[in-house]
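*Asks:* no letters, just coordinates:
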């Protein structure tokens, strides 16, 4: 059996007196599409940050491709929630995507090499944003900005792509196209998507985990009613604006 | 009018203004895009504590200002990096705390503090050539460092967390930027004084930002604007015999405010379709 790319074992973390993560374990294998669902404040973003090595857990172990997150960050691509962004910063789309290459560049000056430019151009091509290359990010729509963020993450050639609430600020037709693009990446990297929006779960998702401080994993390879039920079996409502009978295409 | 260029003090003033404008354009752009204008204000006012200490100890007040500015920048940077909390209140404490220390030291110094007003409000017409040399050295060091760290500075000021994921030491780079800001403030104190520094640091960059979406162009443009404002201010203050620092600041503030107002008017017209 192949080794997991991301190995989270028995991780607990208390922040400001609140137990945010309670003995959480999850493994991500190459090529998988994971969805981690759970309520806001359930620890989803924190779990991503623990995987990225931005937050050190109180106990437990995190291994990225066999090494610590700090040593192996270039294996991971990260697409943060983008409502916190200051998109008025004077930076072009291409410059932003190019910044995803910085982790591969040594030295104080961190000068971009021709291969970095090539990787950035390819990433923009993949995410279908090449036309905006010289635009300022502020001029783009929410869906386009989202694709820029993903292009930045995949420019670094990661083996795992971590997305935090990727569908919150895009409308559903845009989301459809967004998922198409995302699925096209699956051959190159495993994908982990964190969301509180159960409507964004699609048949292409391999594994669903439910995180509400504790994690509940389901090792089914297809999305079934059981899993939805399990997801709703979380201690707290998964979503406020629930869509309990969202119709999923069945794999007959 | 150009006959005044024959005077050395006037030429010195113009040179000082140009040197200050260059560093102002580069560091001021980072200050504006990283939204740390009030932080820069805190650093500059804290420098007054050092000026007071300089008087008290009988050393060059600018040296005292440099020490206080760098120390308060480092303190704010350290707390910012470790406590993960809003530094707003801390900036307020450093801001007025520094001023208070300065006032106390000036009070404790026997006799009369001769150039106090020029440290508070600047007097570029009094800058001696020796200080211009010092300013030039300081500015060269800052500009060379920014050149070396440019990509890292951009990454960190745009997105500190992501820069950390790119194996950049975000905290160290932020600290570096704060120290550069402190040193820039020291250079600017000699031009416009402690109290007026923020306007000269932030406004040319803020004006440039309205016209360009590129950081490097923003720096060049605001350096150019800074030169126009300082040179213009120096000439006007000489012609009408009014304080130079205040003249420069009024000039830059008026231009900025006119720009903001005209932009609003244009946007309103657009919305109403007239």
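*Replies:* Perfect, I can see it now. Note that the structure is a prediction, hence the values are computed from the model and not measured.

*Asks:* can you list the residues of chain B near chain A?
*Replies:* Residues of chain B lying close to chain A (CB under 8 Å from any CB of the partner chain) are B:33, B:35, B:148-152, B:154-155, B:157-159, B:161-168, B:209, B:212-215, B:218. (C-beta placed from N, C-alpha, C; glycine too.)

*Asks:* now the helix or strand hosting residue B:268: buried residues?
*Replies:* In this assignment (DSSP states H and E), residue B:268 forms part of helix B:244-272. By neighbour count on 16 or more other CB atoms under 10 Å in any protein chain shown, the buried set for helix B:244-272 is B:244, B:245, B:246, B:247, B:248, B:249, B:250, B:251, B:252, B:255, B:256.

*Asks:* chain center to it: distance?
*Replies:* From the chain centre to the centre of helix B:244-272 is a distance of 20 Å (CA atoms, centre = their mean, to the nearest Å).

*Asks:* generate TSV for the buried residues of helix B:244-272, with distance to residue B:61 as supplementary columns.
*Replies:* Formatted as TSV, the buried residues of helix B:244-272 follow (distance: CB to CB, whole Å):
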residue	distance to residue B:61
B:244	18
B:245	16
B:246	20
B:247	23
B:248	21
B:249	21
B:250	25
B:251	26
B:252	25
B:255	31
B:256	30
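
*Asks:* what about chain B, any weak spots by pLDDT?
*Replies:* B:1, B:84-85, B:273-274 (pLDDT under 70).

*Asks:* all the helices of it, residue numbers only.
*Replies:* For chain B, the helices defined by DSSP state H cover B:8-33, B:37-57, B:61-83, B:88-108, B:116-121, B:129-158, B:160-165, B:170-192, B:197-209, B:215-240, B:244-272.

*Asks:* may I see the buried residues of the second one?
*Replies:* So that's helix B:37-57. Applying 16+ other CB under 10 Å to helix B:37-57 flags B:37-56 as buried.

*Asks:* check the fourth one too.
*Replies:* Judged by neighbour count (16+ other CB under 10 Å), helix B:88-108 contains these buried residues: B:90, B:91, B:94, B:95, B:97, B:98, B:99, B:101, B:102, B:105, B:106.

*Asks:* cool, and the fifth one?
*Replies:* In terms of neighbour count (16+ other CB under 10 Å), helix B:116-121 has its buried residues at B:116, B:118, B:119, B:120, B:121.

*Asks:* residue B:263 and residue B:221: what is the separation?
*Replies:* Residue B:263 is 17 Å from residue B:221, where distance means CB to CB, to the nearest Å.

*Asks:* and the residue nearest to residue B:259 when sequence neighbours are not counted, what does it touch?
*Replies:* Closest residue to residue B:259 apart from its sequence neighbours, by CB to CB, 6 or more residues apart in numbering or on different chains: residue B:207 at 5.9 Å. By CB atoms under 8 Å, 6 or more residues apart in numbering or on different chains, the contact list for residue B:207 reads B:222, B:225, B:255, B:256, B:259.

*Asks:* make it 6 Å
*Replies:* Shown in contact with residue B:207 (CB atoms under 6 Å, 6 or more residues apart in numbering or on different chains): B:225, B:256, B:259.

*Asks:* that one and residue B:28: what is the separation?
*Replies:* 10 Å.

*Asks:* what of residue B:48?
*Replies:* From residue B:48 over to residue B:28 (counting by CB to CB), the distance is 20 Å.

*Asks:* residues of stretch A:118-134 that come out buried?
*Replies:* A:119, A:120, A:121, A:122, A:123, A:124, A:126, A:127, A:129, A:132.

*Asks:* which non-adjacent residue is nearest the fourth one?
*Replies:* In other words, residue A:122. Nearest to residue A:122 is residue A:155, by CB to CB, 6+ apart, at 7.8 Å.

*Asks:* quick one: low-confidence parts of the stretch 51-200 of chain A?
*Replies:* For the stretch 51-200 of chain A, the ranges with pLDDT under 70 are A:83-84, A:199-200.

*Asks:* now do the strands in it.
*Replies:* For the stretch 51-200 of chain A, applying DSSP state E, counting those that start in this stretch gives strands covering A:59-64, A:76-79, A:160-164, A:190-195.

*Asks:* can you pull the contacts of the residue nearest in space to the middle of chain A?
*Replies:* Of all residues in chain A, the one closest to the mean position by CA atoms, centre = their mean is residue A:163, 1.7 Å from it. Contact analysis of residue A:163 by CB under 6 Å, 6+ apart lists A:79, A:193.

*Asks:* which bits of chain A sit near chain B?
*Replies:* A:73, A:78, A:89, A:90, A:91, A:99, A:102, A:103, A:108, A:109, A:110, A:136 (CB under 6 Å from any CB of the partner chain).

*Asks:* what lies in contact with stretch B:42-55?
*Replies:* Against stretch B:42-55 from outside (CB under 6 Å, 6+ apart): B:60-61, B:64-65, B:67-69, B:72-73, B:91, B:94-95, B:98-99, B:101-102, B:105-106, B:109, B:113, B:119, B:182, B:185, B:194, B:197.

*Asks:* no, scratch that, I was asking about stretch B:137-145
*Replies:* B:19, B:23, B:180, B:183, B:187.

*Asks:* which of those residues sits closest to residue B:82?
*Replies:* Lowest distance from residue B:82 to the contacts of stretch B:137-145 (CB to CB) belongs to residue B:180, with 20.6 Å.

*Asks:* ok, that closest one - contacts?
*Replies:* Applying CB under 6 Å, 6+ apart, the residues near residue B:180 are B:27, B:142.

*Asks:* against residue B:66, how distant is it?
*Replies:* In terms of CB to CB, residue B:180 sits 13 Å off from residue B:66.

*Asks:* can you give me the helices for the stretch 51-200 of chain A?
*Replies:* A:93-98, A:114-126, A:142-155, A:172-184 (DSSP state H, counting those that start in this stretch).

*Asks:* now these in CSV, with distance to residue B:233?
*Replies:* Converted to CSV, those look like this (distance: least, CB to CB, whole Å):
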stretch, distance to residue B:233
helix A:93-98, 35
helix A:114-126, 43
helix A:142-155, 41
helix A:172-184, 51
